[in-house]
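> what would the 3D arrangement of this be:
(chains A and B)
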Amino acid sequence: SQTIHQWPATLVQPVGSPLSLECTVEGTSNPNLYWYRQAAGRGLQLLFYSIGIGQISSEVPQNLSASRPQDRQFILSSKKLLLSDSGFYLCAWSLGHLNYGYTFGSGTRLTVV
Amino acid sequence: AQSVSQHNHHVILSEAASLELGCNYSYGGTVNLFWYVQYPGQHLQLLLKYFSGDPLVKGIKGFEAEFIKSKFSFNLRKPSVQWSDTAEYFCASTGGGNKLTFGTGTQLKVEL
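Below you'll find the model as predicted:
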């Protein structure tokens, strides 16, 4: 069966420090991968998605970047965190046709101080 | 751009009351529609989905949703809610691309 792993669960980082959040999927090949940010009252904001290795689509211009170095690995990064980067970050995967929707990871709570 | 609207942001019900949460999408083509639920402290889980066939879809925990194409709607219903249904509910839709568009969510609180 397919599983998705996302870590760390919580992270507290100082302003100006770098960020690296990792997401890996097991049990499937060539998944679509997604990074979302969840904010209270604003729902789920799509940040990046990828349909293959090295293929990244950015939805919202911001202080973050994403990379997909391997088929089932998706990384969210920042060179210098801002206070406004605080939030709850979710990774998700899907099959290409989306008939079964997404499967979400457990999320990372990032607090920038 | 594709959009999904959930007009009820906060709903408070007593146990055994009936529930209906509204969801409207904007994409005029073929869509797949989903409801996700996030219980307190837990990750997002799929509640039910529609992609073809019977427009009345049944999901887990007694939830159902009806796809009404003419109204661009996919409302979530449950005849009798329980305290354990307290959660945030998200509607989502495909729109011809590789991603889902989510609504802003509805926070449901069920009181004993």
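
> note down every partner strand of the helix or strand bottoming out on mean pLDDT in chain B and its orientation.
Lowest on mean pLDDT, DSSP states H and E among the helices and strands of chain B sits strand B:101-102, with a mean of 91. Sheet pairing of strand B:101-102 (DSSP bridges) gives strand B:87-93 (antiparallel).

> just the CA trace of the strand it pairs with, in PDB.
Provided in PDB are the C-alpha atoms of strand B:87-93 (Å, rounded to 0.1, in the frame of the first residue of the first chain):
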ATOM      1  CA  ALA B  87     -13.900  18.900  12.500                       C
ATOM      2  CA  GLU B  88     -13.100  21.100   9.600                       C
ATOM      3  CA  TYR B  89     -14.500  20.100   6.300                       C
ATOM      4  CA  PHE B  90     -13.000  21.000   2.900                       C
ATOM      5  CA  CYS B  91     -14.600  20.700  -0.500                       C
ATOM      6  CA  ALA B  92     -12.300  20.300  -3.500                       C
ATOM      7  CA  SER B  93     -12.600  20.100  -7.300                       C
END
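
> re the thing from before, now the next helix or strand after the least confident helix or strand of chain B, how far from the centre of its chain.
Past strand B:101-102, further along toward the C-terminus, the next helix or strand under DSSP states H and E is strand B:106-111. Distance of strand B:106-111 from the chain centroid (CA atoms, centre = their mean, to the nearest Å) equals 13 Å.

> report the buried residues of strand B:106-111.
For strand B:106-111, burial by neighbour count (16 or more other CB atoms under 10 Å in any protein chain shown) applies to B:Thr106, B:Gln107, B:Leu108, B:Val110. From N, CA and C alone the C-beta is placed, and that goes for glycine too.

> distance of B:Leu100 from B:Val57?
16 Å (CB to CB, to the nearest Å).

> neighbour-wise, which of the two wins?
B:Leu100 (27 against 21; other CB atoms under 10 Å in any protein chain shown).
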